[in-house]
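Enquirer: Sharing a sequence plus its predicted fold:
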Amino acid sequence: MKMNLFSAAPSSAPAPSSASSSLSSLPLPSRAVRRAVLGLLGVFALWEAAARGLDLPAYVLPSVTRILQAIGEQHVLLLKAAGMTVMEAVVGFGIGSLAGVLLAIVLTMLPAVRRSVLPVATALNSVPVVAYAPLILLWFGMGPESKIVMVALAVGFTVFLHALSGLDRVDPRAVDLMRSFGADRAAILWRLRLPAAIPLTAAGMRVSTVRAMIVAIVTEMLGAMGGLGWTIFQAVLQIDFVQVWAAIFVASAISLVFFGTVNLLEKRYVFWR
């Protein structure tokens, strides 16, 4: 028996149509994301043109390309500092969010305690949280613990007020109806108040992401042994304003990612808002 040497061998390469179909199935960025990217690129283009066209010195306004070059040259230092700042912001954000929600639940369940505690909490929240930084640094030291406490305070107040407002946003007739069926305070909280409060609480957590990064960086500038705020402060002392802008760019990028992540989780899981 003779074998046909010219018979076509089975091809293992994927068909071009399958590759193109897989590429076409990838989700495209939303219109809001595209507009934000285009707006950011436009701002950077104007920035670059102004810095180069007016020949501005670096201590006034360095060009965007020079800042990006500094980020590339000092990426090891910036990544290490960013890691510490992110850890402080994320841990403080988690602790503050949990404490704010728990405090709101306790005050909702205990109206008598609420009438005493709420004015004190409002008075504390009326003072900028940075004003407490010297005391927090004195009590908890120059390490990351003081920054975590500061972020937790800033985030906790915001989430607490949003959660408390959400727990109160229930129809009194629905509460009366559940009570008529024999539901106690715990059942009303679990089945009625908490589902109504989750959207507003999630909005407060989303807003607090940027506040967490700001408070962490500002507290690091007041006293720290590392982080982006410490890097900015040291660069100012060395009159290296390009490094200042490089750290600001990294902090801004992290804040956008943090905000976008919480916003994505909110849209994914709080679908009934």
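Expert: In hand now; what should we look at?

Enquirer: Isn't residue 106 up against residue 113?
Expert: Yes: look at residue 106 against residue 113 with C-beta atoms under 8 Å: they come within range, at 7.1 Å. Placement of C-beta: from N, CA and C, glycine included.

Enquirer: Can you give me every residue that contacts residue 175?
Expert: 188, 192 (C-beta atoms under 8 Å, 6 or more residues apart in numbering).

Enquirer: Can you work out which other helices and strands pack against the longest helix seen in the chain?
Expert: Ranked by residue count and defined by DSSP state H, the top helix of the chain is helix 75-109. Using 3 or more C-beta pairs under 8 Å, 6 or more residues apart in numbering; DSSP states H and E, the elements in contact with helix 75-109 are helix 111-126, helix 144-168, helix 194-222, helix 228-237, helix 241-269.

Enquirer: Of these, which is nearest residue 94?
Expert: Proximity to residue 94 (C-beta to C-beta) singles out helix 144-168 among those, at 8.5 Å.

Enquirer: and that closest one with helix 111-126, angle?
Expert: Inter-element angle recorded for helix 144-168 and helix 111-126: 130 degrees (by axes from the mean of the first three to the mean of the last three C-alpha atoms, to 10 degrees).

Enquirer: Can you list the buried residues in the next helix or strand after helix 144-168?
Expert: Next along the chain after helix 144-168, taking DSSP states H and E as the criterion, comes helix 172-180. Buried residues in helix 172-180, counting neighbours by 16 or more other C-beta atoms under 10 Å, are found at residue 178.

Enquirer: Let me see the mean pLDDT of the next helix or strand after helix 172-180.
Expert: Later in the chain than helix 172-180, the nearest helix or strand by DSSP H and E is helix 185-188. The average pLDDT within helix 185-188 is 80.
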